[in-house]
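# make a model of this:
(one chain, ligands or ions: 2)
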Amino acid sequence: MGELGAFLKITRADTPERAPGERVGDHREFVKLLPLVELKEQGARCMECGVPFCHHGCPLGNLIPDWNDLVYRERFEEAIEQLHRTNNFPEFTGRLCPAPCEAACVLEIDEGNAVTIKQIELAIVDRAWEEGWIVAQPPRERTGRSIAVVGSGPSGLAAAQQLNRLGHAVTLFERDETGGGLLRFGVPDFKIEKTVIERRLRQLADEGVEFRYGVEVGVDIEAAELLESYDAVVLATGSRVPRDLPVPGRELDGVHFAMDYLYGRNRDVAGSAKPALTAAGKHVIVIGGGDTGADCVASAHREGAASVTQIELLGEPPAHRPDDLTPWPLWPMKLRTSYALKEGGERSFAVSTTGLSGEGHVERIHWVQNSGVPPFDAVPGTEETRPADLVLLAMGFLGPEQQLLEALGVERDARSNAAAPAFATSVRGVFAAGDARRGQSLIVWAIDEGRRCASAVDAWLSAGDAPDAVAAVGAAGSA
Ligand SMILES: Cc1cc2nc3c(=O)[nH]c(=O)nc-3n(C[C@H](O)[C@H](O)[C@H](O)COP(=O)(O)OP(=O)(O)OC[C@H]3O[C@@H](n4cnc5c(N)ncnc54)[C@H](O)[C@@H]3O)c2cc1C
Ligand code: SF4
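Numbers count the residues shown, from 1 in each chain. Ligands and ions are numbered 1, 2, ... in the order given. Down below sits the predicted model:
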């Protein structure tokens, strides 16, 4: 496994990126790949742990030490086979996953030294696409069963691919004009170019998945019709209800949910529609310090905003892993600076917005510093006001939209209900996966949910009847 003792002489090489000053001038991906010789060295650093923690850190259970070794030995074709056993879309996670595997790597006990697992994953899959090793794998025979998957984000795509490969006839309904979910319309091109999504969609179509775009289930097609026409239904509709900001001035023009801005930016970059919202020349305030907020900041830079400020309610986390709160191998709750802030802009922690003001259109934001921890008591004398022409609310998502769940009669329950059979809902034959089931989360979890939901559906179909279903959908809040 790897090269004995290599981790003692070879240091970690971080993921290379295009220089911030250069990349803000376009929408091309900013993450690059290490040269082959360095990738092999990084693979060699994997040190044959007695108990590897990395693949427990990975929600998909990727068999990381195995493919680290294969890359070290330059056996990329075997590496992609190995990787595809657990991950349908490594090119999504290799670009976008926060890599909890690396936080759990034994070398990370010495902070900042983990094997560059995510880079190696990306190198394997990008090489496989280049070499033409990734081709359609249609099933040899069909089962005669039909399944409707609602939603084409990573969870819906993973469920559809797994179920189709098992021989079931899968129809995937998507209300947007094309597939990918948040990967397509939330995440900008400079994090993942859309050709990366399109080639996977083509693979699924070539394998036999039927895509029906521009069809909102519950609006363009009755929920009841779906239940009648298919043997099972998978709800992979995401967690799309945004958290609002109930402060004076919220109703002013120029105050928008982040996703309204990002949908527009993605359509604009794709050349499919001119957006209603623009950050060009504006003082932009992004409220919320997560991935969505970062993507708004970076998009505003590329549009030529006059200034970009990101504010976060919570206090600043510690610079290093807090061993008392999140000891290794847990995901460390420590300070991270997003790629977007490396490109410019300002960030403040422990800020509570107290109001927005202007004549019809927002002109200023008013805030106060807080204690940084709940209940976020205001610090007297820290009131401040700033110019604001565009305010983007990126404060997370509360859960799935309710209309379709209500039309289907799906009940909601607490996620802590350990008795809930995985992925089945309270309605016979209706299953749920991804952010719709677990709340706002990550791509790696969405793929994992899609895969496991597919297994649950297949087992249920094979058994010929539903288990005693308990609702597993709609747990509002974050994952
Ligand atoms: C801006 C942004 C950036 C992010 N960046 C990252 C990142 O860098 N790394 C990471 O790991 N995670 C990131 N995430 C989170 C990640 O994108 C999600 O966790 C993931 O996409 C969830 O996948 P999903 O398939 O469950 O849902 P979604 O991706 O939300 O897909 C749901 C799909 O269902 C469709 N749909 C909903 N209702 C219906 C209906 N009634 N009929 C038909 N179709 C319907 C929607 O149009 C959508 O296409 C980000 C999220 C956002 C918002
Ligand atoms: S999917 Fe994420 S956690 Fe899993 S190996 Fe890849 S980068 Fe690591």
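
# CA only for contacts and neighbour counts going forward, please
OK.

# next, the buried residues of the lengthiest helix in the chain.
Scanning the chain for the longest helix, with DSSP state H as the assignment, gives helix 443-463. Buried residues in helix 443-463, counted by 16 or more other CA atoms under 10 Å: 443-458, 460-461.

# three-state assignment of Val308?
strand (DSSP: H, G, I helix; E, B strand; the rest coil).

# do Gln119 as well
Once three-state DSSP is applied, Gln119 turns out helix.

# so which helix or strand takes in the residue nearest to Phe76 when sequence neighbours are not counted?
Spatial nearest neighbour of Phe76, excluding adjacent residues (CA to CA, 6 or more residues apart in numbering): Ile124 at 6.0 Å. Using DSSP states H and E, Ile124 falls within helix 117-131.

# and for Asp26?
Counting by DSSP H and E, Asp26 is part of no helix or strand.

# I'd like the numbering to begin with 22 instead of 1 from here.
Sure, I'll start numbering at 22, so the last one becomes Asp47.

# number of residues surrounding it?
13 (other CA atoms under 10 Å).

# just the one 10 residues further on next, same as before
Other residues near Leu57 come to 14 when the count uses other CA under 10 Å.

# the longest helix of the chain vs ligand 2: in contact?
Yes: Helix 464-484 reaches ligand 2 (CA under 6 Å from any ligand atom) through Val465.

# for that helix, list the C-alpha coordinates in PDB.
Provided in PDB are the C-alpha atoms of helix 464-484 (Å, rounded to 0.1, in the frame of the first residue of the first chain):
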ATOM      1  CA  ILE A 464     -23.500  16.400  -2.600                       C
ATOM      2  CA  VAL A 465     -21.700  13.400  -1.100                       C
ATOM      3  CA  TRP A 466     -24.700  12.800   1.200                       C
ATOM      4  CA  ALA A 467     -27.100  13.300  -1.700                       C
ATOM      5  CA  ILE A 468     -25.300  10.600  -3.800                       C
ATOM      6  CA  ASP A 469     -25.200   8.300  -0.800                       C
ATOM      7  CA  GLU A 470     -28.900   8.800  -0.100                       C
ATOM      8  CA  GLY A 471     -29.800   8.200  -3.800                       C
ATOM      9  CA  ARG A 472     -27.900   4.900  -3.800                       C
ATOM     10  CA  ARG A 473     -29.300   3.600  -0.600                       C
ATOM     11  CA  CYS A 474     -32.800   4.700  -1.500                       C
ATOM     12  CA  ALA A 475     -32.500   2.800  -4.700                       C
ATOM     13  CA  SER A 476     -31.600  -0.300  -2.800                       C
ATOM     14  CA  ALA A 477     -34.600   0.200  -0.500                       C
ATOM     15  CA  VAL A 478     -36.900   0.600  -3.500                       C
ATOM     16  CA  ASP A 479     -35.500  -2.500  -5.200                       C
ATOM     17  CA  ALA A 480     -35.800  -4.500  -2.000                       C
ATOM     18  CA  TRP A 481     -39.400  -3.300  -1.500                       C
ATOM     19  CA  LEU A 482     -40.300  -4.200  -5.100                       C
ATOM     20  CA  SER A 483     -38.700  -7.600  -4.800                       C
ATOM     21  CA  ALA A 484     -40.600  -8.300  -1.600                       C
END
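
# run through the neighbouring helices and strands of that helix.
For helix 464-484, the elements it packs on are helix 111-117, helix 175-186, strand 451-453, judged by 3 or more CA pairs under 8 Å, 6 or more residues apart in numbering; DSSP states H and E.

# how about those in TSV, adding distance to ligand 1, mean neighbour count and mean pLDDT?
As requested, those are exported to TSV (distance: least, CA to the nearest ligand atom, whole Å; neighbours: other CA atoms under 10 Å; pLDDT from 0 to 100):
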stretch	distance to ligand 1	mean neighbour count	mean pLDDT
helix 111-117	4	21	98
helix 175-186	4	29	98
strand 451-453	9	27	96
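
# for Pro421, find the nearest of these.
strand 451-453 (10.8 Å; CA to CA).

# what does the closest one contact?
The contact list for strand 451-453 (CA atoms under 8 Å, 6 or more residues apart in numbering) reads Ala253, Val254, Val255, Leu256, Ala257, Phe444, Ala445, Thr446, Cys474, Val478, Ala493, Val494.

# closest to Gly71 out of those residues?
Once CA to CA is applied, the member of the contacts of strand 451-453 that ends up nearest Gly71 is Cys474, at 31.3 Å.

# which residue is the nearest non-sequential neighbour of that closest one?
Cys474's closest residue in space is Phe444 (CA to CA, 6+ apart), at 5.6 Å.

# near ligand 2, which residues of the stretch 322-471 of the chain are found?
The stretch 322-471 of the chain comes close to ligand 2 at residues Val465, as judged by CA under 6 Å from any ligand atom.

# all helices of the stretch 322-471 of the chain, in order?
Secondary structure of the stretch 322-471 of the chain by DSSP state H, counting those that start in this stretch: the helices cover 360-363, 423-429, 456-459, 464-484.

# the first one and ligand 1 in contact?
No: under the criterion of CA under 6 Å from any ligand atom, helix 360-363 makes no contact with ligand 1; the nearest approach is 10.5 Å.

# and that helix, how far from the chain's centre?
Mean-position distance between helix 360-363 and its chain equals 18 Å (CA atoms, centre = their mean, to the nearest Å).

# got it, and the last one?
Between the centre of helix 464-484 and the centre of its host chain there is 18 Å, according to CA atoms, centre = their mean.

# report the angle between it and helix 175-186.
40 degrees (axes from the mean of the first three to the mean of the last three CA atoms, to 10 degrees).

# closest residue of the stretch 272-421 of the chain to ligand 1?
Residue of the stretch 272-421 of the chain nearest ligand 1, by CA to the nearest ligand atom: Thr313 (3.7 Å).

# thought Ala399 was touching Trp388?
No: with contacts defined as CA atoms under 8 Å, Ala399 does not count as touching Trp388, sitting 9.6 Å away.

# overlap in contacts of these two?
With CA under 8 Å, 6+ apart as the test, Ala399 and Trp388 both reach Ser373.
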